[in-house]
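Chemist: coords below, sequence missing:
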């Protein structure tokens, strides 16, 4: 491992971070730029599998676009391996929360990602991505739970009072 | 992006990590050293906005000092950009949990930070910081929930038994 | 701090990430390779303290091996310091969730780790590790909560439907 390898790792991390910023903020045009055209995904051990960038981004738009679907996907613990000058693979640990105020549900989970990347014209892109769940839970939101802020509903501002 | 850039990124990450260690452990004297004097904050899309290091740290002391206010703030997915030899900006993703045993509440949220940093005498400091919420939820803690450890109440030791 | 220091930091991070991948996936043979023989641990402010690699790994096997014990341990905010060419120390922030479907409990917590590492034949290993809790909560899982995926029960695949 050399300092130059670390530059590649950092660029691959940025790709992954941009992906999740796009997921949680519903930036579907930007997320499209992060995949090569023939990319493949196999989310949830293949339960949600799509071939090609258009199908993958189409899945995102269908599954996560409505503003009552509020999500936080965070990745951890990258173990990245450069397999050639223009290819790499990585394992990441995911934790995710979905608050669905339409169906009044909360979904929480932990997973491990296996990714493959390819460098095209100097930029790392997703070639393959997918995860398997360590666990996933679905629970109703309690009637006592209040949504006190959301990106779309309140412009990201809390309705909780500041300390006096 | 060069290996030397990565050194700057690492130092900026350390600044952010020290900030959150100070927040969750209530280290108000140390946190003061992380801001320049004319720093500004706009937390929760401006709901909690303060001008100047003293006002910012005063807000922390008022809002988060009591030992029945237990918090975990974790940042993820840094996208750091050096804008000159002594200035930088970054986006970070936050997840935070507050357990308030005085009011018997739990607050959980996800946010995106936008920060600006300045390097003063070789050390990166906060110049501007603020976040917008993707979501924030407030819920009562169930009477069945037990606090089995806390930094201040039990010296960080769990009362749960070890496996036999 | 130099680019070469960053290579050491990255290798130490990989050690920590492999450790938690092994914890959450129950890879006890692999985790054994991450400790020196005379390693020590003091988890939960010493509530769970063990001397020697065999005792530490024995604790893991006893405490976390059953497949109804589902965990997600994630570490954040590394502040790593190289103390010589072959020794280092670090602070990390932990968040962890345990879903125990045998006892129908959920345990969640936040902690700070203090670690010591030693480099042996070119590989960083754990010499000392331990954490103190900022907080820890124990709560019963609601009868309405459904486990919709697990690594061992469903091969990591969700039973939730894809969007139509």
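Modeler: Alright, I've got the coordinates. If you're wondering where the values come from, they're calculated on a predicted model, not measured in any experiment. Numbering: from 1, shown residues only, chains lettered A, B, ... in the order given.

Chemist: Let me see the ranges of the strands in chain A.
Modeler: All strands of chain A, identified by DSSP state E, fall at A:35-43, A:48-51, A:69-84, A:87-100, A:105-120, A:123-140, A:146-150.

Chemist: Redo these as a markdown table? Include mean pLDDT.
Modeler: Listed next are the strands of chain A as a markdown table, based on pLDDT from 0 to 100:
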| stretch | mean pLDDT |
| --- | --- |
| strand A:35-43 | 98 |
| strand A:48-51 | 97 |
| strand A:69-84 | 98 |
| strand A:87-100 | 98 |
| strand A:105-120 | 98 |
| strand A:123-140 | 98 |
| strand A:146-150 | 98 |
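
Chemist: Now those strands in TSV, please, with extra columns for mean neighbour count and distance to residue B:133.
Modeler: Any C-beta I mention is one placed from the backbone N, CA and C, and that applies to glycine too. Shown next, in TSV, are the strands of chain A (neighbours: other Cβ atoms under 10 Å in any protein chain shown; distance: least, Cβ to Cβ, whole Å):
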stretch	mean neighbour count	distance to residue B:133
strand A:35-43	18	26
strand A:48-51	16	27
strand A:69-84	19	10
strand A:87-100	20	12
strand A:105-120	20	16
strand A:123-140	20	22
strand A:146-150	20	4
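
Chemist: mind checking which of the ones you listed is nearest residue C:64?
Modeler: Proximity to residue C:64 (Cβ to Cβ) singles out strand A:123-140 among those, at 12.2 Å.

Chemist: okay if I get the strands of chain A as CSV plus distance to residue B:148?
Modeler: Below are the strands of chain A laid out as CSV (distance: least, Cβ to Cβ, whole Å):
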stretch, distance to residue B:148
strand A:35-43, 35
strand A:48-51, 37
strand A:69-84, 24
strand A:87-100, 21
strand A:105-120, 20
strand A:123-140, 20
strand A:146-150, 26
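
Chemist: Save those strands as TSV, and put in distance to chain C too.
Modeler: Shown next, in TSV, are these (distance: least, Cβ to the nearest Cβ, whole Å):
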stretch	distance to chain C
strand A:35-43	9
strand A:48-51	5
strand A:69-84	4
strand A:87-100	6
strand A:105-120	4
strand A:123-140	3
strand A:146-150	18
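
Chemist: Can you tell me which of the ones you listed is nearest to residue C:88?
Modeler: Of all those, strand A:69-84 sits nearest to residue C:88, with 18.3 Å by Cβ to Cβ.

Chemist: Check which helices and strands that closest one is in contact with.
Modeler: When contacts are defined as 3 or more Cβ pairs under 8 Å, 6 or more residues apart in numbering or on different chains; DSSP states H and E, strand A:69-84 sits against helix A:3-25, strand A:87-100, strand B:69-84, strand B:87-100, strand B:105-120, strand B:123-140, helix C:3-25, strand C:69-82.

Chemist: Out of those, flag the one nearest residue C:158.
Modeler: Here strand A:87-100 is closest among the helices and strands packed on strand A:69-84 (Cβ to Cβ), at 11.5 Å.

Chemist: List the pairing partners of the closest one within its sheet, with orientation.
Modeler: strand A:69-84 (antiparallel), strand A:105-120 (antiparallel) (DSSP bridges).

Chemist: still on that earlier bit, can you put the helices and strands packed on strand A:69-84 in a markdown table and add distance to residue A:76?
Modeler: Shown next, in a markdown table, are these (distance: least, Cβ to Cβ, whole Å):
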| stretch | distance to residue A:76 |
| --- | --- |
| helix A:3-25 | 11 |
| strand A:87-100 | 4 |
| strand B:69-84 | 8 |
| strand B:87-100 | 11 |
| strand B:105-120 | 15 |
| strand B:123-140 | 18 |
| helix C:3-25 | 8 |
| strand C:69-82 | 5 |
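
Chemist: and residue A:102, how many neighbours does it have?
Modeler: The local packing of residue A:102 (other Cβ atoms under 10 Å in any protein chain shown) involves 9 other residues.

Chemist: With adjacent residues omitted, what lies nearest to it?
Modeler: Leaving aside its sequence neighbours, residue A:102 sits nearest to residue A:68 (Cβ to Cβ, 6 or more residues apart in numbering or on different chains; 4.1 Å).

Chemist: The one you found is in contact with residue A:104, isn't it?
Modeler: No - between residue A:68 and residue A:104 there is no contact under Cβ atoms under 8 Å: 9.7 Å.

Chemist: ok, the residue nearest to residue A:102 - contacts?
Modeler: Counting by Cβ atoms under 8 Å, 6 or more residues apart in numbering or on different chains, residue A:68 makes contact with A:100, A:101, A:102.

Chemist: now, which of these sits nearest residue B:121?
Modeler: Nearest to residue B:121, judged by Cβ to Cβ, of the contacts of residue A:68 is residue A:101 at 48.3 Å.

Chemist: My guess is the closest one contacts residue A:147. True?
Modeler: Yes - between residue A:101 and residue A:147 there is a contact at 6.1 Å, judged by Cβ under 8 Å.

Chemist: Find residues that contact each of the two.
Modeler: Counting by Cβ under 8 Å, 6+ apart, the residues touching both residue A:101 and residue A:147 are residue A:70.

Chemist: Check whether residue A:1 really touches residue C:12, as I assumed.
Modeler: No - when contacts are counted by Cβ under 8 Å, residue A:1 is not listed as touching residue C:12 (11.6 Å).

Chemist: Show me which residues of chain A are close to chain B?
Modeler: With Cβ under 8 Å from any Cβ of the partner chain as the criterion, chain A meets chain B at residues A:3-4, A:6-7, A:10-11, A:14, A:16-18, A:20-21, A:24-25, A:70-72, A:74-76, A:97, A:99, A:142, A:144-151, A:154-158, A:160, A:162-163.

Chemist: Next, the contact list for residue A:48, please.
Modeler: A:41, A:42, A:59, A:63, C:162.

Chemist: and the first one, what are its bridge partners?
Modeler: Spelled out, that is residue A:41. Beta-bridge partners of residue A:41, as defined by DSSP bridges: residue A:50, residue A:129.

Chemist: Go ahead and confirm it touches residue A:52.
Modeler: No - with contacts counted by Cβ under 8 Å, residue A:41 stays clear of residue A:52, the gap being 9.6 Å.

Chemist: Residue of chain A nearest chain B, please.
Modeler: Of all residues in chain A, residue A:156 sits closest to chain B, at 2.8 Å by Cβ to the nearest Cβ.

Chemist: State the number of residues packed around that residue.
Modeler: Residue A:156, neighbours per other Cβ under 10 Å, totals 22.

Chemist: What's the separation between it and residue A:115?
Modeler: Computed as Cβ to Cβ, to the nearest Å, the residue A:156 to residue A:115 distance reads 29 Å.
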